[in-house]
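S.K.: What follows is a predicted protein model with its sequence.
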Amino acid sequence: MHFFWQDLRYGVRLLGKAPVFTTVAVLTLALGMGAATAIFSVVDTVLLKPLPFRDAERLLVIWEKNPAQNRYRMFVAPANFLAWQKQGRAVEQMAAVQDVRVSLTGGPNGHITPEELKGERVSASLFPLLGVEPKVGRTFRPEEDQPGSANFVLLSHSLWQRRFAGDPGIAGKTIRLRDQPYTVLGVLPPAFAVMEAGVDVFIPLGLNPSDTRTANGRYLMVIARRRGSLDQVRAELDSVGAQMEQALPALDKGWRPSIFVLGDELVGGVRQALWVLMAAVGCLLLMACVNVANLLLARGANRGKEIALRAALGAGRGRIVTQLLTESVLLALGGGGLGLFLSAGAIYVLAHAGPASVPRLAQASLDLRLFGFALVVSLVTGIVFGLAPAMQGSGTSLSATLNEGGRGGTAGGAGRRLRNTLVITELALAMVVLIGAGLLMRGFIRLRSVDPGFQPARVLTIRVPLAGGRNAAPDRRIAFFRQVADRIATLPGVRAVGAVNALPLTGLGVGSNFAVEGRPAPGAGQRPLALLRSVSPAYFGAMGIPLVAGRALADSDTAQAAAVIVVNQTLARRFWPGGSAIGGRVAIDQNVGRVAEVVGVVGDVKPEGMDGEDWPIIYNPYAQVPLQAMTLTVRTTALPLALASAVTREVHQLDPNQPVADVRTMEEVVNLAVAGARFNTVLLGSFAGVAFLLAAVGIYGVISYDVSQRTNEIGIRMALGAQPADVRRLILGQGARLAVYGIVAGLLGAGVLTRWMGTMLFGINPTDGWTFTAISILLAVVALGASFVPSRRAMALDPVIALRHE
Amino acid sequence: MIKLRNLEKFYEGGYGRSYVLRRVNVEIKEGEFVTIMGPSGAGKSTLLSILGMLDSAWTGEFEFLGHMVHRMKPKERAELNKKYTGFVFQSYHLIDNLTVYENLDIPLSYRNVKSSERASMVCDTLDRFHIVGKRDLYPSQLSGGQQQLVAVARAVIAHPQLILADEPTGNLHSSQGKEIMELFKKLNGEGTTIVQVTHSVDNATYGNRVIQLADGWVVSGGSETSKSAQV
């Protein structure tokens, strides 16, 4: 024990006396361990931890697919859901979910600040199917999930806390949703979510099989628990799908169920990105260990004499090894302690600033087991590379070590080869991470340069859902939005005010089959599909969507006027190729077959994502298709958010109880649409920055150490006629050789590894020559730059002193 | 060949100048074999470094083969060294990670000799010094005597007019030392000027003149005509 404290004190003192070595080693380890633990923790939470449901591996998601139309994940028609539920023997339980928005207009005690909530209408069977018990109260009973039954609601844990102060007696109380009384049955456990996070309320689906108006739309997600194997479920539901095709050809011609495992479906979109990030931090951890190994090897080699002297003074190999082990462990613990803080901070940032598309990201927390793993890796590195010179030193004779250099020896080859191999490995790893980040960056730049079809700058958006309010009646909606638009238009700094039911880049939204009059009717299942938008006349102008042909919608396009529509270029091109769409007549199923005349063609906008396809879109005048929820689009002359409160005030001037939601700029909408790509790019870019730094420090350290070890050799070379330029060439040449080996190895590694990034990249090949070349040049410049400083030092050596150097 | 006039080397210290060499006046003619002797700290090795143009921090005048070294820039001095001088060190100073062949090749590579010519010069030298069998060995695989033999071979490979040897037999046993000294004698006989630093009186007998240094002063043997210790 006495020796332990002595070793510890001596170790601390020695590390303190070499502040540069200690700082670089501790920071390097901390960065490697911090990044690795953070990403390992995220991957563990998102990908590896089982879903918080009973027997989660047996849970399935069922969509509908129409291979002929290249659609594989479409919502489910209620008629099909009911048929699957009735006939599916390989399925134990099945539940349907529908996304809705509802306005909270009253609390248990009466008045409450109105708010639009994210809700899900769900089958009563959903909760027993998932094996989820409520935190407070109970879930729905089957009889409460019937059409026409009383209104019941389950609250999310966060809504319960946020709006009802965690009232433990909330069950049984009544709140008002859509201006209707709803009895609260219970509160769900924290962070409960199935397909989408952040849902505030759950209400019974109350599906009515006899209501053909709702039964024939496709708007449900279906969750199932399988009894048989996945193949059995697929075969069985496929045959049910075939029967439905026969029974309901108008609805189901060409449609079949499309079945996925719930866990895979939830993380499918981010799985690859997370594994790539994990590989990147794995590289970083390895690089950090390699760097520390190099530092320890160099330090160990410098301490050869001290170790030999200790041995000569009677220290056994065990004592010497313990001493060096103490120092290595101190370094690893120092790096680990700092790494723990870094990883905790990184996880906090990831959980709070990561994109919503990564499921369960918000639940990510520091996993001490994973941190322990990273710590063990760094400890092993410290022990192996810290002890290697010690074992060597304690085993060699005193005279040999003390006289080393006495015979004019220059730096030894074996140690140098090991250090060179380590730095080549490090450069290769850095190449892989940098190329990965370079590819993502180029892809991201391309993604950001995609024209979304509108001008997002200086546009404020604000969602105004009328459902349940005093202006919800169809005849009041048109007047309400017209008045709101007129009032906002008078605000200083406002250039135009439009309204739309679904903003670009926020999802496909409502769609409908349609037919072009005068064209032969396509077969069932072949009928074209278009997205439907209901817009105010000023919408196109406010959003900066260009009018390509005909006219825009006008105030004169009222409910009483002839039905008119504006279509986008994709629709016009597809159905009037080579001709003009203007004057064409279109029958839209959703508009109950009412035929409308095309009066204008506008430019395409991206409905779902910047990298998404252009869909055919039909724009109805709001006065002819007045929907309950609209989003105002206000083009301003200055900062849009500065007008947010004034715009909200104008809405509340007309109805103080009218909730507003999603107050944001159009630029925020665009940013949100690329949030996933930005998350990947920023994260991998940061790792690349660290990798870049580690590689530079690594090569600098090795070359610098080598110069100090080759001082005598440099002196000899100068005595033999070497000019300073020859010395510089010698040192830079060594750096260049290491760089070339590292770059070639990195190129080969990246060539193989970046193929996994295919789906993460937009408009760029995973083996993009430009990126590979640019990163190679960059790393070569860094390697030469890092070698330049030691080469300057070598050039300035006094040959007389260098010749005396041992 | 070499004329040193009032050459001085000193370090500035808090207590004033500390002289290593003081008013050194030395003349060495072509073909001479000169030995510099003196107690430790007398300035022998420093004088040799100055003669080899490895040390440029001195005052006074230094004329080498008609070139006024004291007026030359460091780069010009290095060129002069490269062209006319070969070094032999007490501790051989071979480069450990290069083979015997590669060690011999170094001085030629710094003299921009063509590679084909270099190969033939290295092979000639290996042959001349009877070390052909050692060409692919590393210094650590050679005895001290063999290493010094390679070091001498390296010093002469570029046909220098002057060989500067600092304690060339200091690390060798007597028979090996004798062998090396015979070699110097032979080279001197072939016309190469040799300046050696040694503590060994026996080694000094191979030369034709001894310059005696003490505390940085030339005590005797500064020139052929001055008071010298003829041996």
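M.R.: On my side now, so go ahead.
S.K.: how far away is residue B:147 from residue A:30?
M.R.: Distance of residue B:147 to residue A:30, given as CB to CB, to the nearest Å: 47 Å. From N, CA and C alone the C-beta is placed, and that goes for glycine too.
S.K.: So the two - more neighbours on which side?
M.R.: Neighbours were counted for residue B:147 and for residue A:30 using other CB atoms under 10 Å in any protein chain shown; residue B:147 has more, 25 against 22.
S.K.: Please state the offset of stretch A:362-371 from the chain centre?
M.R.: Here stretch A:362-371 is found 18 Å from its chain centre; the criterion is CA atoms, centre = their mean, to the nearest Å.
S.K.: Span of that stretch from start to end?
M.R.: 19 Å (CA to CA, to the nearest Å).
S.K.: Please tell me how far the residue nearest to the spatial centre of chain B sits from chain A.
M.R.: A centroid search over chain B (CA atoms, centre = their mean) returns residue B:164, at 1.0 Å, as the residue closest to the centre. Residue B:164 is 9 Å from chain A, where distance means CB to the nearest CB, to the nearest Å.
S.K.: following the worst-scoring helix or strand of chain B on mean pLDDT, which helix or strand comes up?
M.R.: The helix or strand of chain B with the poorest confidence is helix B:74-84; it has a mean of 85 (mean pLDDT, DSSP states H and E). Note on helix B:74-84: by DSSP states H and E, the next helix or strand toward the C-terminus is strand B:85-88.
S.K.: so what's the residue nearest to the centre of chain B up against?
M.R.: B:48, B:51, B:52, B:85, B:86, B:87, B:88, B:195, B:196 (CB atoms under 8 Å, 6 or more residues apart in numbering or on different chains).
S.K.: Which among those count as buried?
M.R.: By neighbour count, with 16 or more other CB atoms under 10 Å in any protein chain shown, the contacts of residue B:164 hold B:48, B:51, B:52, B:85, B:86, B:87, B:88, B:195, B:196 as buried.
S.K.: Before we move on, what's the pLDDT of residue A:291?
M.R.: On the pLDDT scale, residue A:291 is placed at 84.
S.K.: sorry, back to before: ok so the residue nearest to the centre of chain B is a helix residue?
M.R.: No: remark: residue B:164 does not belong to a helix; assigned using DSSP: H, G, I helix; E, B strand; the rest coil, it is strand.
S.K.: Now do the closest residue to it other than its chain neighbours against residue B:130, distance only.
M.R.: In space, residue B:164 comes closest to residue B:52 once its chain neighbours are excluded; the distance is 4.8 Å by CB to CB, 6 or more residues apart in numbering or on different chains. Plainly put, residue B:52 is 27 Å away from residue B:130 if you go by CB to CB.
S.K.: residues making contact with stretch A:549-569?
M.R.: A:478, A:530, A:535-537, A:539-541, A:548, A:572, A:580-582, A:586, A:588, A:591, A:594-605, A:614, A:616-621, A:623-624, A:626.
S.K.: taking those residues one by one, which sit in strands?
M.R.: A:530, A:535, A:548, A:586, A:588, A:595-602, A:617-621 (DSSP state E).
S.K.: ok, how many other residues are close to residue B:123?
M.R.: Residues near residue B:123, counting by other CB under 10 Å: 14.
S.K.: Show me what secondary structure element comes after the one helix or strand it maps to.
M.R.: Per DSSP H and E, residue B:123 falls inside helix B:115-128. Counting by DSSP H and E, the next helix or strand C-terminal to helix B:115-128 is helix B:144-156.
S.K.: same for that following helix, what does it pack against?
M.R.: strand B:85-88, helix B:100-109, helix B:115-128, strand B:162-166, helix B:174-189 (3 or more CB pairs under 8 Å, 6 or more residues apart in numbering or on different chains; DSSP states H and E).
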